[in-house]
Every structure is written in structure tokens, then in C-alpha cells.
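Asks: next one to model:
(chains A, B, C and D)
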Number of protein chains: 2
Amino acid sequence: MATIYDVAELAKVSPATVSRVFNGTSVSEDKVAAVRDAAAKLNFTPNRTARTLRRQSSEVIALVIPDIENPYFTEMARGVEDVASEAGYSVVLCNSDAQVEKEATYLRIAIAEHMSGIIIATADENSNLDSILATGRPVVAVDRSTTYDIDGVVMANRAAGTSAAKDLLDAGYRRIAYIGGPEHIDTAAERAAGWRAALSAARPDLDLDELERFATFRVDGGRAAMEELLALPEPPDAVVAGNNLIGVGAIQVLTERGLTPPQVGVAVIGSLPFTTLSPTAVTVVRLPARHMGVTAARMLLDRIGGDAQPSRTVVLRNEIQPASAVRS
Amino acid sequence: MATIYDVAELAKVSPATVSRVFNGTSVSEDKVAAVRDAAAKLNFTPNRTARTLRRQSSEVIALVIPDIENPYFTEMARGVEDVASEAGYSVVLCNSDAQVEKEATYLRIAIAEHMSGIIIATADENSNLDSILATGRPVVAVDRSTTYDIDGVVMANRAAGTSAAKDLLDAGYRRIAYIGGPEHIDTAAERAAGWRAALSAARPDLDLDELERFATFRVDGGRAAMEELLALPEPPDAVVAGNNLIGVGAIQVLTERGLTPPQVGVAVIGSLPFTTLSPTAVTVVRLPARHMGVTAARMLLDRIGGDAQPSRTVVLRNEIQPASAVRS
DNA sequence: GGCGATAATGTAATCGATTTCAGAACGAAG
DNA sequence: CTTCGTTCTGAAATCGATTACATTATCGCC
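Replies: Alright, predicted model coming up:
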């Protein structure tokens, strides 16, 4: 690879001038031309490592998510990437696999590689951001809130739980169960609280503890919990799924048993990925994942740009798509 | 951040010794202890940028894929990541969005950041790997073969097309259409050739050109093509979908029109992501995406390790899961 | 006791860009 | 014709680790 010195020699200028040409400070026209010629001839690309070492920052942001196979997060990643690449930043996607140790490794790499900022959906409540925050790098939390004083973007989770439950109540279902994610993830807890509030108001007679299940935020979690619920002495006649994959798992189990929705009512918090279901069968609370990514990326870029206002949390509204609606 | 000089000072040794402690060359026990103590006290992490600059290579590999929202590719990414992180490498996921320019940008970054190797599913037949290969970095092609003399891992695409078509023929369908990906992507072309071979042998009377459609490898592509096929004077009674997302799109359209499989036969090349269908309705040719990632990562790491044997292409076998099979 | 081999350690050069500082060239103003 | 202020330009320091080379200490063996 050609270096700045090679270009300087060919263009008969100093390395400093070459650098200036590429960084837009004042250089006379003829030298600019000479440098550009030489650079083109040598097929020169500035060495980013050297630049990063000197500048102490690289135009890369890290996006740390707990499950790269969940379309909710990849859709979010899309949003982040669009905004970032527009601004000349690249995005490095890191999959923590919901493990705090893997997450810590990636955060260490982010520091060591001088990345300019981090967008993170934390692995769980033990996620530790101390060392990354100590470096002064901006961090934006997405999807899940943290105990740190940093910017965040979250969904209106409680409202999502409530409207999912209400929609099923309005449709006439009576025993409406809830399958949520891990109890200690605030997203899951909030959605559960929303469901609980709607149910305890409308059906004070129900034993909600019996109808509530905590699972992993994955398909197998949804399957297992659904099977448990169906095995109850008095099974539910409807269920709220705490995220998209849980919804898939629950519907799979129901389908396998011939209980296709709407025979058993289903409301899912989050869009069903790549669904092949009839669009009228299931209620979906759409979560604007891409928009969440866009918003988080903008906030992060603002911070990188030096914005120093107090930390903000943006709450995104959801949109309910009742079971009877037509596919848009 | 603490540097090697800070550690050296605190431990009362030279910076060179500190470096040696972290790189495993001979240092006396007491100094090792002193350095480790000092490093721990200062919470020292070696600066990867500086190391990369000096070493001219970083322990990062790039994985460039055309669609991050396709679970087929994220499953593959999982495989890559598992192998890589086992070996101490991190994986940077780059989404080319099937655009050659975006792809070129990421390849440039990979060079400039001194990444040790690249695994790439090319955007299309115009993808240009010249400059990356000129740097001598190892490159492994996945999913799609290239015209370059490099290692590759592909599926048995022709066989997949054939067995999908045969399964539908065996089930008694007569007019079996094919919806594939873009014509110039070899993966798509091979699968189409497999379908064509099976059909022209069994149903020489059919006009296959009429029943063949090329779409994007996405849900909307599958939807549009399926609608076209249903609008034919004599619509098909079955269809082979060239990839998972096309399959989803096709099934969506069929479901919306009340033609749920197996009323119209459907065979999909690639696993249906997060399907909520009855497991018996659709034939699936399972593609071992994770295994492809694992294989590619191993090959790449071998090359990085200096393996210089002639380039190899691994073809992975598929497994057909007929429509009547039980969910595993 | 002295010689060479070996191991441990330090000094300084190096990777490739950015950036500070100082100096040169030039024009305008007095 | 000086003097001051711009605008360019280049030399050299810098970022933080690695590593070639030089130096010193240590040990075994004749």
C-alpha cells in the first residue's frame, strides 16, 4: 500500500501537504492537483489505523445487541446503519448473545479500537458500562433502559402491554395469559405490568400470577411457556406474547395442536417476522424498531459532535394493528 | 487510558519489557509479577490501534453480506462468529445491501483497518475483489461463487432445485413454477437449472419459460412474482421458491387468496424463518447456513495462519424435509 | 579463573498519518 | 520602502505499541 510519503515524493511536496489536501486545509491549487494526481497514480488510501492512532478516535460506532438472529434487532441495526453511513461513520455489529461477558469483551474492543461511540441494548441488568463511560465516550441505550445517566431510546412498553391485553378483552376473550421475557429485563417487566393493569381492571376475578410466564426472548421460550399454559387445569383462551419470537413460539404450539388463532386469541408485542399467517388472525403491536435505530444513531452522532446537554430518554409510541385489520 | 509507558514507569522496567510480558517472550518472574501488578493497578489494556499499526494486521475479520435482515445470513454469521471468537478474533458484520458500491466501501475499510481476512457473500456479479486480493489478504467466498481463484463454500444449489421440484412432482403436482433470485447471481441460476432439469424430464409438455420468474431475494420479490404467476391464463398448481424470503412472500400471497398450501404446492429452498405454519404443509430444502459460516471461518483462519495450498471450494449438502414430515 | 553461550533487559527505530511551530512568500497599507 | 498580516509550506514531534539491536548479567565448563 502506498503511504503519504510515497505520494509526497511523487508530487514533490511534503507529507504534511499531502495530509492537508485530504483534510481540507489551505493548500495552493497547483499542489492540490499534483497531490491528487500522485495519489490517483499510486492508488493511495489513507491508512486508517495511523489516523486513528494520531486522532485518538475513529469514525466507527459499535452497535451491541443481545441477539443478532432476532429481526427486531436487525431492523434496528438497519436504522442505525443508514444514519451512520450517511454521516460517514461505519457501524460494527456486535452480538453479545445476552451474555454479560461477551458484551464486556466487545466493549473492551470498542475502547481499544478507539471507536467514537456505542449504541447498546444491554444483555441484562448486570451489564457493566463503567469502564466505557470512564473513557468519556458517548453511549446510547436502546430498547432497554439502564441505571446509568445516559441517553436512551425505548418503546412505550407498558402501553404496549396494556393495548395488547385490551384488544383481546375487546374481542371477547376472558382468560388472557401473558408470556414475557426474563423478569429482570425492564422491557419485559414493563410490558407485563401493562398487561396486568389492563387485566386486573377488567377481570378482577382472575388469578394473574397463574397466567403469567417468564421465558427467554426466543422461540423456544415461547413454545415452552405456551405448553405450560395449555397444561393448566383451566387453560387460557388468549395470550399476550412479550416479544416477536415468543409470539412465534406460542403460535407454533397452538398451530400444532389445531388451536390456530383466533380459536385461541393471540396478541404479539412486536411485529411477527416474515409471517405467513393470514393477516387477520393475530393482533400485533408494532414496534418501530428501525425508527429506534435511527433515533439512537442521531443522538449518538450529536454527542460525538460535542452536544453536552443533560441526558435524554426518548420513548417511542407503538401502533396497534388489531387482528381484523388488513395487511398494509 | 494507561499506556505501556505508564505501566513501565510504575513497574520500574522498560516499555519493551511490558510489551514482552503481554506477548509471551522471556521475562524474569519477578518482573512479570511487577508488570502484571502495575497493569492491574492502572487498569491497562494494550492499545489495539498502535499494535495494529506496528504489526500491520489486526485480529478482526470482516463478514460482508448482502442482506442483514435475512435470517439465512444471520444464522451464517453466528457460525462465523463462534469459530472466530474461539480463536480470539472478532467479527465485524458489514451489510452491503446488495449494492456493489456499499460493498466496495466496506472492503476499503477492511483494507484500511488492516483486518486479517474477509468472508464475503458478494453483492452481485460485478463485485470487485481486485484491490482486496492485491493486498494479499485471504478472502473466502460464501453462498455465491466468484470468478476469482479463492476459497469458497457454497450449497449444492442445483441439487436443491432438483429435489424441491421432484418432491412436488412426487406429491402429484403438475404445473410447477419457479421463483428465483436475480438471474445473474449464480446461486439463483443453479437452483433454477435444477428445477428446470427435473421438470423437463418429467413434464416435457410444459412451457418452462412461462413458469419461471426472477425476483429479488426478498419478501416483496416473492409476492410480486407469485401474483404474476397466479394471473397467468393457466396458473401453476405448485411453486418452488428460490430462497427463504421468496418462499415467505409466495406463501403470504397464497394465504391471502385462500390457497393455503397444500392446496397449491410449495417447496422452499432454505428454511422458513420463524414459521408459524403447520409443519406439514410445505416442503423445505434445509440449507446448513450455520455450518457454512463455520466452514468458511475455519478456512479463513487456516489461510491467515499461513496455509498456502491451492484454493478449495466446499460444497455443502442439503437435507430435504418433505411436506409430510413432522417438525423436528 | 577465564571463556563462550544463553537469557534478560534496555535503547531507539519503526509503523503512517496528523498537527504544532516556525519560516517563507506575497500583497496591501502607510 | 518599510511593516504588518495573510496564506502556504515543510521539518519535526506525536500517537502507543512492537521489535531489531546492543548491552549486561549469569551460568557451565575446561
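Asks: wait, A:Val153 sits on A:Leu316?
Replies: Yes - counting by Cβ atoms under 8 Å, A:Val153 touches A:Leu316, with 6.7 Å between them. Every C-beta, even on glycine, is put in place using the N, C-alpha and C of the backbone.
Asks: overlap in contacts, these two.
Replies: Common neighbours of A:Val153 and A:Leu316, using Cβ atoms under 8 Å, 6 or more residues apart in numbering or on different chains, are A:292, A:295.
Asks: quick one, which of those two is more surrounded?
Replies: Remark: of A:Val153 and A:Leu316, A:Val153 carries more neighbours, 26 against 14, as counted by other Cβ atoms under 10 Å in any protein chain shown.
Asks: give me the contact list for whichever strand or helix holds the more buried one.
Replies: According to DSSP states H and E, A:Val153 maps onto strand A:151-155. By Cβ under 8 Å, 6+ apart, the list of residues contacting strand A:151-155 from outside reads A:138-146, A:187, A:287-288, A:292, A:295-296, A:299-300, A:303, A:311-316, A:318.
Asks: which residues of chain A lie near DNA strand C?
Replies: A:1, A:3-5, A:15-16, A:18-20, A:22-23, A:44-47, A:50-51, A:53-55 (Cβ under 7 Å from any atom of the strand).
Asks: try it again with 10 Å
Replies: A:1-8, A:14-25, A:39, A:44-57 (Cβ under 10 Å from any atom of the strand).
Asks: in the lowest-mean-pLDDT helix or strand in chain A, what's buried?
Replies: Ranked by mean pLDDT, DSSP states H and E, the weakest helix or strand in chain A is strand A:319-321, scoring a mean of 83. Neighbour counts over strand A:319-321 (16 or more other Cβ atoms under 10 Å in any protein chain shown) mark A:320-321 as buried.
Asks: again, but for stretch A:200-216
Replies: A:203, A:206, A:208, A:211-216.
Asks: between those residues, which is nearest B:Val80?
Replies: Minimum distance to B:Val80 across those is 23.1 Å, recorded for A:Thr216 (Cβ to Cβ).
Asks: can I assume the closest one is in contact with A:Ile179?
Replies: No - using Cβ under 8 Å as the test, A:Thr216 is too far from A:Ile179 to be in contact (10.5 Å).
Asks: which neighbours do the two share?
Replies: Counting by Cβ under 8 Å, 6+ apart, nothing touches both A:Thr216 and A:Ile179.
Asks: any idea of the mean pLDDT in stretch A:104-113?
Replies: For stretch A:104-113, the mean pLDDT works out to 84.
Asks: pick out the residue of chain A closest to DNA strand D.
Replies: When scored by Cβ to the nearest atom of the strand, chain A has A:Ser26 as its residue closest to DNA strand D, at 2.7 Å.
Asks: give me the phi and psi for that residue.
Replies: The phi/psi pair for A:Ser26 (degrees, to the nearest 10) reads phi -70, psi 120.
Asks: same thing with A:Leu93?
Replies: phi -90, psi 130.
Asks: burial count for it?
Replies: Other residues close to A:Leu93 by other Cβ under 10 Å number 24.
Asks: can you pull the contacts of the closest residue to it other than its chain neighbours?
Replies: Nearest non-adjacent residue to A:Leu93, counting by Cβ to Cβ, 6 or more residues apart in numbering or on different chains: B:Leu93, 4.0 Å away. B:Leu93 makes contact with A:68, A:92-93, B:63, B:65, B:68, B:77, according to Cβ under 8 Å, 6+ apart.
Asks: among these, which ones are in helices?
Replies: Among these, the members falling in helices (DSSP state H) are B:Ala77.
Asks: possible to save the contacts of B:Leu93 as JSON lines with pLDDT and distance to A:Ala281?
Replies: Shown next, in JSON lines, are the contacts of B:Leu93 (pLDDT from 0 to 100; distance: Cβ to Cβ, whole Å):
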{"residue": "A:Ile68", "pLDDT": "90", "distance to A:Ala281": "29"}
{"residue": "A:Val92", "pLDDT": "85", "distance to A:Ala281": "39"}
{"residue": "A:Leu93", "pLDDT": "88", "distance to A:Ala281": "33"}
{"residue": "B:Leu63", "pLDDT": "94", "distance to A:Ala281": "37"}
{"residue": "B:Ile65", "pLDDT": "95", "distance to A:Ala281": "32"}
{"residue": "B:Ile68", "pLDDT": "90", "distance to A:Ala281": "29"}
{"residue": "B:Ala77", "pLDDT": "94", "distance to A:Ala281": "32"}
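Asks: picking up where we left off before, just the buried residues of the contacts of strand A:151-155.
Replies: When those are checked for burial by 16+ other Cβ under 10 Å, the buried set is A:138-145, A:187, A:287-288, A:292, A:295-296, A:299-300, A:303, A:314, A:318.
Asks: which stretches in the stretch 201-328 of chain A count as helices?
Replies: Shown for the stretch 201-328 of chain A, the helices assigned by DSSP state H, counting those that start in this stretch span residues A:208-211, A:219-230, A:244-256, A:289-304.
Asks: now do the longest one against helix A:244-256, angle only.
Replies: Read it as helix A:289-304. Orientation note: helix A:289-304 sits at an angle of 170 degrees relative to helix A:244-256 (axes from the mean of the first three to the mean of the last three Cα atoms, to 10 degrees).
Asks: and the stretch 51-200 of chain A, which residues reach chain B?
Replies: Within the stretch 51-200 of chain A, the positions near chain B by Cβ under 8 Å from any Cβ of the partner chain are A:52-53, A:58, A:68-69, A:71, A:74-75, A:77-78, A:81, A:85, A:90, A:92-95, A:102, A:105-106, A:108-109, A:111-114, A:131, A:135.
Asks: in helices only, show me those.
Replies: Secondary structure from DSSP H places A:52-53, A:71, A:74-75, A:77-78, A:81, A:85, A:102, A:105-106, A:108-109, A:111-112, A:131 of these in helices.
Asks: quick check: the residue of the stretch 151-300 of chain A nearest DNA strand C.
Replies: Nearest residue of the stretch 151-300 of chain A to DNA strand C, counting by Cβ to the nearest atom of the strand: A:Leu300, 21.0 Å away.
Asks: that residue and A:Ile120 touch, don't they?
Replies: No - A:Leu300 is not in contact with A:Ile120 according to Cβ under 8 Å; the separation is 10.3 Å.
Asks: what's the overlap in contacts for these two?
Replies: Shared contacts of A:Leu300 and A:Ile120 (Cβ under 8 Å, 6+ apart): A:Val140.
Asks: Three-state assignment for the closest residue to A:Ala297 other than its chain neighbours, please.
Replies: Excluding its sequence neighbours, the residue lying closest to A:Ala297 (Cβ to Cβ, 6+ apart) is A:Val83, at 3.7 Å. At A:Val83 the chain is in helix, as set by DSSP: H, G, I helix; E, B strand; the rest coil.
Asks: A:Val83: how many residues sit nearby?
Replies: The number of residues near A:Val83, taken as other Cβ under 10 Å, comes to 21.
Asks: what score does it have for pLDDT?
Replies: At A:Val83, the pLDDT recorded in the model is 94.
Asks: for it, give its distance to A:Gly117.
Replies: To A:Gly117, A:Val83 is 12 Å away according to Cβ to Cβ, to the nearest Å.
Asks: overlap of the contact sets of the two?
Replies: A:Leu301.
Asks: quick one: the lengthiest strand in chain A near DNA strand D?
Replies: The strand that spans the most residues within chain A, counting by DSSP state E, is strand A:58-65. No - applying Cβ under 10 Å from any atom of the strand, one finds strand A:58-65 separated from DNA strand D by no less than 12.6 Å.
Asks: what sits up against that strand?
Replies: Residues outside strand A:58-65 that contact it (Cβ under 8 Å, 6+ apart): A:48, A:51-52, A:73, A:76-77, A:80, A:84, A:88-96, A:103, A:106-107, A:109-110, A:113-121, A:297, A:300, A:304, B:49.
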